[in-house]
Every structure is written in structure tokens, then in C-alpha cells.
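Asker: here are the coordinates; sequence isn't available:
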């Protein structure tokens, strides 16, 4: 068995490459991707040389070079845009919504964009159905809203 592994060490590098690539898909940190490229380089080196020591050196050099030089550039490109740019649920804060059912401190339903959300009012009282509201924050799957006066809702 050991003789077979020594003769087919390329298979070890292939398995390591696939495992590291799979871990990268789970973490999305670009660290394991750089290591998997190193394993791919060692796989290529295994076809050129039979020395496991040289293959390990190729793996270390390529993985280290990828981590030091490629990863920072890739992360910078992935995080382009202003740091204050909001995404996901944070984009809903400040948006206008329409109450579909009366909204109270306990429950209610609003339509934000094309989506229906459960909602509560930020303060005491109740907002009747059919009124414009503003989303002040999101708590879990519930939008916290405040009433908007008719002059503000129809603004410029």
C-alpha cells in the first residue's frame, strides 16, 4: 500500500487540492483558495519530479506567494466601494413602506418594496392600514416603523 502511495503521490496532491477548495467554498475567506493553488502547483511538480521534498517546497513557496501577494489584492477588489455602503437588510432602513394591516406595538404587516414584512411601531399607538411609514430598524424578521406625515410622504 505504501509503495502505491509513493508511486502515485500526485493523487495525494489532488485530494489535498480538492479538500482545500471545498473548505474555501465553506469559509469564503480566500485563505484556503491560496493553499489549494499551492497544492495544484505541487501536483504539477509531481509530474515533473519524483522528489516529494521538492513537491513540498513548491507547495510552500506557491502558497506563501499567493497569500502574501495575491490575496491582499483580491480582497481589496472584493471590498471595492465606499465603506459606508449598506447591503442586505441595512438597505431597508430609511425606506418607505405601506401598511397592509394595522401596525401596533405587538404586530402588523407592511410592504417594503415588493416584499411583505411583519412590523411593529417604534413608539406607542397604532398606524392604520393603507398609511405610509418609514422603516427605522430591523429586528430579526420584523421591521420597526414610524408613521410618516402625508406632506413628507408625497415630498419633492
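Answerer: Nice, thanks for sending it over. Everything numeric in this text was worked out from a predicted model, so none of it was measured. Residues are numbered from 1 along each chain as shown.

Asker: Enumerate every residue touching residue 42.
Answerer: Contacts for residue 42 (C-beta atoms under 8 Å, 6 or more residues apart in numbering) come out as 13, 16, 55, 56, 58, 59, 62. C-beta: built from backbone N, CA, C; applies to glycine.

Asker: neighbours of residue 132, just the number please.
Answerer: Per other C-beta atoms under 10 Å, the neighbour tally for residue 132 reads 18.

Asker: Assign the residue nearest to residue 111 when sequence neighbours are not counted to helix, strand or coil.
Answerer: For residue 111, ignoring the flanking residues on the chain, the nearest one in space by C-beta to C-beta, 6 or more residues apart in numbering is residue 98 at 4.8 Å. Local secondary structure at residue 98 is given as strand here, using DSSP: H, G, I helix; E, B strand; the rest coil.

Asker: switch to numbering from 6
Answerer: Right, with 6 as the first residue, what we last looked at is residue 103.

Asker: and residue 103, what pLDDT?
Answerer: Looking at residue 103, its pLDDT is 94.
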